[in-house]
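Asks: here are the coordinates; sequence isn't available:
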């Protein structure tokens, strides 16, 4: 019998010796969609990519965790279907929270992150470089984010109740690739040998379940081998009636309250010609699971039962209906419909959730910098041949080198497939044996001037200093997910006299600035351009949040795979077993503010797009690592 995974049945293999201290947890969800027409879409920096309709609505999903013995010891984690977090949005949300709740919430215990969809309404950041294509600040986009995030947090605040928290991890092999493999190869061979893949393939899942005698009984009664099959339908008692392989039936209570998964993949399944506001693959994955949770007798298909291509072509599969919906969306101007029949209400706020019986699933971003959902690789549009690997060009031109998703050339179908793979893996992890999260809650946060941070040599960092912001030539070349224009190419360490002259009209970098950023040839000297206002941030921030034996590092940008591995390894080394023997360190990308990319020192030397967009110079990662290590050393 084919195995069916049911989201809302708690399949935890709990050892009898485990205690159930638990936490107080609140969960909320609110709409942040904003304008869906006549606004630039954020992500690809394409001036002509103007919204003319709706693919999927956008949501903020908020989670509050507090200690039972001291509920003021709490933190907030929000995952928004937005391209990134905005420092201005973060500050305005905290102002709203403090006006309502006083000093309960502040910069130290509020962490806002974005999924990195490349099709949310633009114009919500306060730095000019990130709003040029939207022609500046867009109040409607900004207000939708502030209002929705605040509403989601308030909903979570209002439904805090006892819960059990656990985590599980597993590899998802077919949902991301490295779009800059030549830069990754610049990392030391002995370091690369520690990892099987050139991108992180691990999905980390945080599971939140109701704390009740019934749920504990279900957990304790489940077989330690979670591979046995169940099919579930809703019973008259509001729970689920389960029929296992032996034919016996029993009432199984709905124990799930929510989940947060972290998996690194760019939300660029919808390419830079897409005209619709969309949550892309992570937004679709979240809505699919939430719809399955809310709909009786709904189960996602067996994990691994079909390849993506088989699921796409098989006319009777559950996922085929989703793909058909997504294909229809790509042919219409405005469609008020979500994936797999998730309806978009005429009043978006009607979709907001805060009740304790609502399941909320967040698909958060991690070390996303060099990842791509276009898993078939990059090919030339004119010849169909693979692109030049080092420079991502076709006949010397970057515009023709484009990554292919799993259902290429249908980007909407590719979006659904990458969403499916993430949703399936999350469902699989939900069913697996988990590690209970126990221990204290702690949070540490710091603002830092990244324009002049001195880094000391240590086991995790090299000596150096960061620089005022600047963008390299390869930044303008774009990526295989979204190529740039003109004659720019990736891996450019020299630049051209013409474009130096053009960039110099805005600001000519000093010899000191050039030396600090070397080997990056500076195209835009953004740290010294303040007309009409600052082009990129000098002050960023970093958070470290402890939830028992889980450490969440909130970083203000896009870490590459190896950069994420290094900072997580450093934190893990310093903490050791002080916060638990089964410590899990998770990176939350694009959190609280945005400062472009962070590569390793070695990747920076190659100057592909990610290195050219590492705005504080070659020691950026070392600086953030030093800050994170300092934060976790404070006891």
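Replies: Looks like it came in fine. The model shown is predicted, which means the values in this text are computed figures rather than measured ones. Numbering: from 1, shown residues only.
Asks: the strands in the stretch 451-600 of the chain, which residues?
Replies: Under the criterion DSSP state E, counting those that start in this stretch, the stretch 451-600 of the chain contains strands at 454-455, 464-465, 471-472, 522-524, 539-547, 550-554, 558-559, 584-588, 597-598.
Asks: helices and strands around the second one, which ones?
Replies: The helices and strands touching strand 464-465, judged by 3 or more CB pairs under 8 Å, 6 or more residues apart in numbering; DSSP states H and E, are strand 454-455. Just so you know, the C-beta spots here come from the backbone N, C-alpha and C atoms, and that holds for glycine as well.
Asks: now do the longest one
Replies: With contacts defined as 3+ CB pairs under 8 Å, 6+ apart, the packing partners of strand 539-547 are strand 74-80, strand 441-449, strand 550-554, helix 620-633.
Asks: just these: most buried one?
Replies: Stretch with highest mean neighbour count among these: strand 74-80 (a mean of 27; mean count of other CB atoms under 10 Å).
Asks: Go through the next helix or strand after that one and flag the buried ones.
Replies: Sequence order places helix 87-101 as the next helix or strand after strand 74-80, per DSSP states H and E. Neighbour counts over helix 87-101 (16 or more other CB atoms under 10 Å) mark 87, 88, 89, 90, 92, 93, 94, 96, 97 as buried.
Asks: I'd like the residues you listed written out as TSV, with pLDDT and distance to residue 406 added.
Replies: Formatted as TSV, the buried residues of helix 87-101 follow (pLDDT from 0 to 100; distance: CB to CB, whole Å):
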residue	pLDDT	distance to residue 406
87	96	35
88	97	36
89	98	33
90	97	35
92	98	39
93	98	36
94	97	40
96	98	41
97	98	41
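Asks: Let me see the contact set for the residue nearest in space to the middle of the chain.
Replies: What sits nearest the mean C-alpha location of the chain, by CA atoms, centre = their mean, is residue 365, with 1.5 Å. Contact analysis of residue 365 by CB atoms under 8 Å, 6 or more residues apart in numbering lists 113, 114, 115, 116, 262, 264, 267, 282, 588, 589, 590.
Asks: Count the neighbours of the nearest residue to residue 442 once chain neighbours are set aside for me.
Replies: Distances taken as CB to CB, 6 or more residues apart in numbering put residue 546 closest to residue 442, at 4.0 Å, once the chain neighbours are dropped. Residue neighbour count, defined by other CB atoms under 10 Å, stands at 20 for residue 546.
Asks: Residue 114 versus the residue nearest to the centre of the chain, what's the distance?
Replies: As judged by CB to CB, to the nearest Å, residue 365 and residue 114 stand 7 Å apart.
Asks: Find residues that contact each of these two.
Replies: With CB under 8 Å, 6+ apart, residue 365 and residue 114 have common neighbours residue 590.
Asks: Run the chain-centre distance for the host helix or strand of residue 412.
Replies: In the assignment (DSSP H and E), residue 412 maps to helix 411-431. Distance, stretch centre to chain centre, for helix 411-431: 14 Å (CA atoms, centre = their mean, to the nearest Å).
Asks: for that helix, what is the average pLDDT?
Replies: The average pLDDT for helix 411-431 rounds to 96.
Asks: Give the burial count for the nearest residue to residue 463 once chain neighbours are set aside, as a bare number.
Replies: When the adjacent residues along the chain are set aside, residue 463 lies closest to residue 457, with 4.2 Å between them (CB to CB, 6+ apart). Using other CB under 10 Å, residue 457 has 10 neighbouring residues.
Asks: Quick check: residue 38 touching residue 121?
Replies: No: using CB atoms under 8 Å, residue 38 is not in contact with residue 121, being 10.0 Å away.
Asks: Who has more neighbours out of these two?
Replies: residue 121 (28 against 10).
Asks: any idea how far that one lies from residue 631?
Replies: In terms of CB to CB, residue 121 sits 33 Å off from residue 631.
Asks: ok, which stretches of the stretch 451-600 of the chain are helices?
Replies: Using DSSP state H, counting those that start in this stretch, the helices of the stretch 451-600 of the chain run over residues 497-504, 511-517, 561-575.
Asks: just the stretch 51-200 of the chain next, same as before
Replies: Counting by DSSP H, counting those that start in this stretch, the segments of the stretch 51-200 of the chain that form helices are 87-101, 139-158, 181-184, 189-192.
Asks: so which of those helices gets nearest residue 477?
Replies: helix 181-184 (13.1 Å; CB to CB).
Asks: so what does the closest one touch, helix or strand wise?
Replies: Counting by 3+ CB pairs under 8 Å, 6+ apart, helix 181-184 packs on helix 601-606.
Asks: What lies in contact with the helix it packs on?
Replies: Here helix 601-606 has contacts from 180, 182-184, 186-188, 370, 462, 491, 493, 519-520, 560, 562-563, 610-611, 614, 617-622, using CB under 8 Å, 6+ apart.
Asks: Of those, keep whichever come out buried.
Replies: So, by 16+ other CB under 10 Å, the buried ones in the contacts of helix 601-606 are 180, 182-184, 186-187, 370, 491, 493, 520, 560, 562-563, 610-611, 614, 617-622.
Asks: Tabulate the helices and strands packed on strand 539-547 in JSON lines, adding columns for mean pLDDT and distance to residue 276.
Replies: Converted to JSON lines, the helices and strands packed on strand 539-547 look like this (pLDDT from 0 to 100; distance: least, CB to CB, whole Å):
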{"stretch": "strand 74-80", "mean pLDDT": "98", "distance to residue 276": "18"}
{"stretch": "strand 441-449", "mean pLDDT": "98", "distance to residue 276": "36"}
{"stretch": "strand 550-554", "mean pLDDT": "98", "distance to residue 276": "30"}
{"stretch": "helix 620-633", "mean pLDDT": "97", "distance to residue 276": "34"}
